[in-house]
Structure formats: structure tokens, C-alpha cells
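>>> sequence isn't available, so here's the structure alone:
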């Protein structure tokens, strides 16, 4: 393990975090008074100070970085930004408990949207802004954002190892010859869609601050809102706009790059995109029919079904109503969508549609082999052969995923909460969705769990956002062996 290069990157991330807190500090000075101002000033000073120490006092001589260092940098960076990002909430008194503040911040950066807050509207404006901005920064990835700011010409394989570790997808690729250019392309598309959404929401009558924070939330597919009722108090036009942009941010960003360069045929043939849209269409139709009797008109039922289906499959978790009273069939559909998640290369969480497509193709191939044992068959996706390494990783991912779901649900049972609450809370946090069912439903908060339960669910959020392996690697002793 190259400890100094890991520390160097942790320092860079903390410096970046201190800079991203500056808008909140300015907002606190002009809108919130003394305590929020002190909270953000102290937090910025601490982040910048620790970051500077890690960068300038631990200068690495060997700047080579390999897969092990890439995973450790990503996992520790996300833990660090979450701990330091919780400081403003605790110091300001908005969330007095540090465990609760870390839970809320991890939920923000991982774009989960699970909350322990019961009166969100009472928070200072600067804290509300920071809380929503963590979604936007975490949506595309904080280290990918760091790569987008400028190339790192030192070291071997540095950008790729980091991008691969931070992108929870079956494979990691690049859109340009240099990875820092790929990061810039991704963030340019991300920023462009966010700005477009803000403009449309403002034109639709939403207040500017609401439009900005709601766009941060949906762009990162996180779900935090500045309202106690999530997005229910906004107009149907604004709700529909939010749902459409959730859907768009759940699409692989490579698709938008293909659109920009005019490769429309490849877009239309993309199997993951077609599967993603088909799942949404079928789910919306099924839920609409199932809840039709609960609404005054077909249009109203379709509106809420579309919003909730898109919100859940993209793992945003925002709501327009409390779906807890919906029939059990609709609950079942939403629960499955929590697991499915959005497309690879999007800001959404979950297992990812691409993994499901790959495993479905692998299943069909195995059936064909049983029928025709001597036939030579390969698995293809969008005209490219899926490597056995990718298949192996998908299989291992699903196995570890099920183990974590099972263990987490069993451990939460020690809290004394019911199985529906425990199981849906684990799925909601591991898949970065946010609201679940039972005592963690859309109208509830995660206050029913003890500090130990919240720490467990915080761990699940990090596992889900980083695709399991980078975080689990921290617990493997061989990871920490020093390289010669």
C-alpha cells in the first residue's frame, strides 16, 4: 500500500470539500445569523487545515497507483468527506447528534436520501443548501469531479484506477483519449442538464431556491427536499418536470455523449437503455391500474404512479404523496424497482440494469448449453462480447449483495423493529433509495433506529454507492501491506 499517495488524495478531497462549503458560508452570513456562520467557517477551516497537512506534509515520492490504492482512496475519501461534511450540521445545532449528522451526510453524498429529520423546514437556509448540494456533488462522484478539474500527469494508471473504483458499474470506460477529458465531458453534461432543469422549474413557478435545491436533489438522484412533504406541495407541472429529469439522470451518461456526436443508431440499439425504459413503462402501467380506484381520475393515478416508479427505479426516493396506503401489489413493484436501480454510468443506484441484462443473457446461454452441449456460444451486449471476467464479477456481486442484505436485516432485528421496516430499510439504504416501507415509509424518518442501527445503515449506504468492493477491501488485511 502506498500510504502517502492515499493521504495526498485524501488531502485534495478535503480541500475540495472546503471550497464547496463556501456558498453555504456566504448564505449563512446573509440569511442565517451567527451559529450557522460559525459552523461553516469552522468546518471550512478544519477541512482546509487537515487537507493542507495531508498534502504538504506527506509528499509521496512514488506516485504510481494500482487497483488496491484506487479502491482505498475512493473508500476513505467518501468516509472522510462524510465525517467532515457533517460538522456544519452538528456545530450549528441543526443535528446535535454527530451519529445522526454523519448518517444524514452519508445519505446526502451517496445520494440515498434517507433522513433522520422530522422537521426539515426548520433548518437554516445554508444547511438546507449544503444538504441538497451533497447530492449533486456525490451524484457523479467527488473524485471524478476532482479529475475533471485538471489532469494529473504524475504516476501510473492513477485516473483510471480511481474512476473504476468510484463507478459502481460492471465495466468502466472512457469517452476521450485522456480520462480527465472524459471526466470533464461527463460533468459538462451533468451541469448542463442541471441548469436546464433549474430554468424549467423557475419558468414553471417554483421559487429560485426551491428550484436549485430540487434540481441538486434530482440530478444526483438523491431525494432530499427542503419541504417536510418532499415534493408534494409543488404544482403538477413541477412534479412532472422533476420526474422527467429523474428519468434522464437515470440514463447512462455515455448515451448523451453519443447523442452529442450524432451516433443515434447506437443510442436506439442500446440494450440497457431499452430495458430501462421498458421496465419503467410496464411498472407505470401496472401501478396505475392497481391504484386507479384510489384517485379521482385516470390522469391523477397515472401522474402519481409515473412519479413514484421513476423516483424509485432511479433511486431518487422523492415523493408526491404517501404511498404506504397503496395496495400490496404496488408495494411489491416498488420494492423490486429498488433492487433493479438505474442504468450503469448514471447518477442512480441499485444493482444496475446492465448487470440484470448481462445475467439474463448468461442465464439464456446456460439454458442453450443444456440443450446443445457441444455448441460454442458467447454472450454479447450491444455488439460486443461480454468477457468472462465481467460475468464472474457480476456473479460475485450478486452473491455478496444477498449476503449483505441478509446479515443487515438480521442485525437490524436486534433493534426490535418489524421485518418489513428492517428489510425495506436495508434495501433502501443499500440501493441508495431513501424511503422504504413500514416505519421508514415516505412519510416517516429513520428515527426508529438506535445509533448502532444507524451506523449499520450508514455502512450499507457507502457499500451501495461504491459498488460493495472498495469498501469491503478496507477490511482485508492484505490491502494494507506496504509496497516495496
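Arrived safely. It should be emphasised that the depicted structure is a prediction, and the values quoted were computed from it without experimental measurement. Residues are numbered from 1 along each chain as shown.

>>> nearest residue to residue 76 other than its sequence neighbours?
residue 10 (5.9 Å; C-beta to C-beta, 6 or more residues apart in numbering). (Each C-beta comes from the backbone N, C-alpha and C, glycine too.)

>>> what is the three-state secondary structure of that neighbour?
helix (DSSP: H, G, I helix; E, B strand; the rest coil).

>>> and for it, the neighbour number?
Residues contacting residue 10 under the criterion other C-beta atoms under 10 Å number 22.

>>> which one in this protein is furthest away from the centre?
In the chain, counting by C-alpha atoms, centre = their mean, residue 374 sits farthest out from the average C-alpha position, at 43.4 Å.

>>> which residues sit in contact with the residue nearest to residue 76?
Residues near residue 10 by C-beta atoms under 8 Å, 6 or more residues apart in numbering: 51, 54, 73, 76, 77, 80.

>>> which of those fall in helices?
For the contacts of residue 10, membership in helices holds for 51, 54, 73, 76, 77, 80, with DSSP state H as the criterion.

>>> of the residues you listed, which pair is most distant in space?
Greatest spatial distance among the ones in helices among the contacts of residue 10 (C-beta to C-beta): 51 and 73, at 14.1 Å.

>>> so which of those two has more stuff around it?
More neighbours surround residue 73 than the other of residue 51 and residue 73, with 27 against 22 (other C-beta under 10 Å).

>>> circling back: now the contacts of residue 10 in JSON lines, with pLDDT and distance to residue 427?
Converted to JSON lines, the contacts of residue 10 look like this (pLDDT from 0 to 100; distance: C-beta to C-beta, whole Å):
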{"residue": "51", "pLDDT": "93", "distance to residue 427": "35"}
{"residue": "54", "pLDDT": "90", "distance to residue 427": "36"}
{"residue": "73", "pLDDT": "87", "distance to residue 427": "28"}
{"residue": "76", "pLDDT": "92", "distance to residue 427": "26"}
{"residue": "77", "pLDDT": "91", "distance to residue 427": "26"}
{"residue": "80", "pLDDT": "94", "distance to residue 427": "27"}
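
>>> which phi and psi does residue 380 have?
Torsion angles at residue 380 (phi, psi; degrees, to the nearest 10) stand at phi -120, psi 150.

>>> now for it: which residues touch it?
361, 386.

>>> how far away is it from residue 387?
Using C-beta to C-beta, to the nearest Å, we find residue 380 at a distance of 11 Å from residue 387.

>>> check residue 220 too.
Distance from residue 220 to residue 387, by C-beta to C-beta: 31 Å.

>>> flag the shaky bits of the stretch 51-200 of the chain, pLDDT-wise.
62-64, 147-180 (pLDDT under 70).

>>> quick one, helices of the stretch 151-300 of the chain?
158-166, 179-203, 208-219, 236-249, 253-260, 264-269, 271-291, 298-313 (DSSP state H, counting those that start in this stretch).

>>> contacts for the fifth one, please.
Which is helix 253-260. Taking C-beta under 8 Å, 6+ apart as the rule, helix 253-260 contacts 173, 175, 185-186, 189-190, 193, 264, 266-267, 270, 273, 343, 345-346.

>>> residue 230: neighbouring residues, count only.
Residues near residue 230, counting by other C-beta under 10 Å: 26.

>>> same check on the one 4 residues further on?
Taking other C-beta under 10 Å as the criterion, the count of residues near residue 234 is 24.

>>> got a PyMOL select line for the buried ones in the contacts of helix 253-260?
Only the buried members of the contacts of helix 253-260 enter the following PyMOL selection, criterion being 16 or more other C-beta atoms under 10 Å:
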select buried, resi 175+185+186+189+190+193+267+270+273+343+345+346
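
>>> ok, the contacts of helix 253-260 vs residue 96, which is closest?
Out of these, the member with the shortest distance to residue 96 (by C-beta to C-beta) is residue 190, at 33.9 Å.

>>> got a list of what the closest residue to the closest one other than its chain neighbours touches?
Take residue 190 and drop its neighbours on the chain: the residue closest to it by C-beta to C-beta, 6+ apart is residue 140, 5.1 Å away. Residue 140 makes contact with 186, 187, 190, 220, 347 under the criterion C-beta under 8 Å, 6+ apart.

>>> phi, psi for residue 140 please.
Dihedral angles (degrees, to the nearest 10) for residue 140: phi -90, psi -20.

>>> where are the low-confidence patches of the stretch 351-484 of the chain?
Checking the stretch 351-484 of the chain against pLDDT under 70 turns up 483-484.

>>> in it, which spans are helices?
Using DSSP H, counting those that start in this stretch, the helices of the stretch 351-484 of the chain run over 353-371, 388-412, 419-430, 451-465, 469-472.

>>> can I get those helices in TSV including mean neighbour count and distance to residue 243?
Shown next, in TSV, are the helices of the stretch 351-484 of the chain (neighbours: other C-beta atoms under 10 Å; distance: least, C-beta to C-beta, whole Å):
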stretch	mean neighbour count	distance to residue 243
helix 353-371	16	18
helix 388-412	15	27
helix 419-430	24	19
helix 451-465	22	22
helix 469-472	20	31
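
>>> nearest to residue 297, out of these?
Using C-beta to C-beta, the helices of the stretch 351-484 of the chain put helix 419-430 closest to residue 297, at 29.6 Å.

>>> what packs against that closest one?
The contact analysis (3 or more C-beta pairs under 8 Å, 6 or more residues apart in numbering; DSSP states H and E) places helix 419-430 against helix 328-340, helix 388-412, helix 451-465.

>>> will you turn the ones you listed into CSV that also has distance to residue 424?
Shown next, in CSV, are those (distance: least, C-beta to C-beta, whole Å):
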stretch, distance to residue 424
helix 328-340, 7
helix 388-412, 10
helix 451-465, 11
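
>>> residue 1 and residue 387, how far apart?
Here residue 1 is placed at a distance of 28 Å from residue 387 (C-beta to C-beta).

>>> can you check residue 353 too?
In terms of C-beta to C-beta, residue 353 sits 19 Å off from residue 387.

>>> for the closest residue to residue 342 other than its chain neighbours, phi and psi?
Spatially, and ignoring its direct neighbours in sequence, residue 342 is nearest to residue 348 (2.5 Å; C-beta to C-beta, 6+ apart). Dihedral pair for residue 348: phi -80, psi 160, per degrees, to the nearest 10.
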